[in-house]
Every structure is written in structure tokens, then in C-alpha cells.
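J.: Output the structure for:
(one chain, ligands or ions: 2)
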Amino acid sequence: MDGNGRWAQGRGLGRLRGHESGARSVESITRYARKLGVEALTLYAFSTENWGRPTDEVSGLMKLLGTYLRSQRQELLDNDIRLIHSGDVSQLPEDVRTQLRRVELATDHCEGMVLNLALSYGSRQEILAAVREIAEEVQGGRLQPEDIDEACITSRLDTAELPELDLVIRTSGEMRLSNFLLWQVAYSELYITDVSWPEFDERQFDKAMAAYRSRQRRFGKTGAQIEASP
Ligand code: IPE
Ligand code: MG
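T.: Ligands and ions are numbered 1, 2, ... in the order given. Model (predicted):
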């Protein structure tokens, strides 16, 4: 969800106004994804690297996150959306952690869609934690090195309970992944648009979905093989 800052600055507004506008996109895109039947939606809301931003921007974002969580509990329940998170949330302010826990508990039974908020999230850190966990299990004799397979790693990531990642959408034009779901993205389709996150609306989401549908996912095979398979 990139481009909040540039969107605001281009309008002579402060960066936080861009984040506020981005939060409205979060609400509308979440609702729309649910309507379209998306199984799981991960939103990269705050990266481990974002902690390095100016302190007033970080505290503004944290405040916004708290407000968002407070306002969304009922909305998520009404739409049967379960909230989970990825990332090291122990670093978040106490009140935000409390709100997060509260909404996660309240929506625990929801089955319409999973909304995964990547908060204080970094994919390398996530992989590192999984590797450490595996090393400890090997050291304790609970796991043999030859039993370490892809599923063993996948199941130790924050996204363990999510389905395969089909599509990554990046707004605001940068051609990079910025430490987002590096393991999970192996065979995902990428869609990068110049449209900024505050301007990313239902029509833009439709465009991304249409692009996704037009792709032939070959997973290393040939086009003929894919066409021949049922
Ligand atoms: C993305 O917008 C939102 C967060 C990282 C929280 P940016 O704040 O990165 O916007 P730009 O890249 O400065 O335009
Ligand atoms: Mg950015």
C-alpha cells in the first residue's frame, strides 16, 4: 500500500493526511475484496523498516492504527471477516496491541475472509524466526535435518494458516518487493500500478483482478502442458 506520502505532498498536504486517506482505501478495498470472494487479503500496513521514519510520522501512524482497529471491529464482524496479523507486534504501543488482540478475539469465528494485517512486518525477520525455531527443534532432537522440507518452513511463518499467495498488488509504481512475503511470493503474480494507495478504488481493484485472470500461471511448466491439464 504505497504512495500515501507522495499523494499528500502532491496536494500540498502533510504526509499524515495521506495516511488518513490510505486508511479509507483500506476500509473500502477490504469490503470489496470480501464482496468479490477473496479468501485472504494481506495488507502491508507497517514494515520493520518503517520504524526508522521520523518519530512524528511513526506516532501518527500508530494513532491511526489504533483508531482504525477501534472503528473496524463491528464492520469486520458484520462482514464475517476474521482479523489476524503478521509481524513482531510486541513492538507496537500497548494500546494498539490491546485493540488488535480485542478485534482478533472478536472475529475469531468469522469465515467469510481472512484479513491479515502485516504490522511491524519484515519477511527476512519472519524467515529468520522460522529458521531459529527449526534449529532449536533439531538441537532438541525433535526434528531431523532430513525432515526439513518446504512445508516445514511454510508452517512456521506468520502466514501459516493462509492459502497460497496468488496475487501481489503494489501501488504507486515502485518495482520492488520491499521485504514483503519473500518466501510466499515464489509463484505469485505481480501487479504494479502507478496509482497511489489513496486513489486505489474498486475500479482499480477490478483492473488488477482482470490482469490476474488474463495471466497463464505455468509454475515452471510449458503453456501446452497447462492447456492440456483439466
Ligand atoms: C505507504 O505510503 C504507507 C506506509 C508505509 C505506512 P508511504 O508513506 O510509503 O508513501 P510514499 O512512498 O512516501 O509516497
Ligand atoms: Mg513508500
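J.: Please enumerate residues in contact with the one helix or strand Arg132 maps to?
T.: Assessed by DSSP states H and E, Arg132 sits inside helix 123-139. Outside helix 123-139, the residues that touch it by CB atoms under 8 Å, 6 or more residues apart in numbering are 48, 86-88, 143-145, 148, 152-153, 156-158, 177, 179-183. In short, each C-beta sits where N, CA and C put it, glycine included.
J.: quick one: which of these sit in helices?
T.: If you go by DSSP state H, the contacts of helix 123-139 have 152-153 in helices.
J.: PyMOL command to pick out the buried ones of the contacts of helix 123-139?
T.: Buried residues among the contacts of helix 123-139 (16 or more other CB atoms under 10 Å), as a PyMOL selection:
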select buried, resi 48+86+87+88+143+153+156+157+158+179+180+181+183
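J.: Take the contacts of helix 123-139 and keep only those in strands.
T.: Counted as lying in strands by DSSP state E, out of the contacts of helix 123-139, are Ser86.
J.: Arg15 versus whichever residue of the chain sits closest to ligand 1, what's the distance?
T.: Nearest to ligand 1, among the residues of the chain, is Gly5, at 2.6 Å (CB to the nearest ligand atom). Look at Gly5 and Arg15: by CB to CB, to the nearest Å, they are 4 Å apart.
J.: Equivalent analysis for Thr55, please.
T.: If you measure Thr55 against Arg15 using CB to CB, the figure is 13 Å.
J.: In terms of neighbours, single out the busier of the two.
T.: Neighbour count, other CB atoms under 10 Å: between Thr55 and Arg15, Arg15 has more, with 19 against 8.
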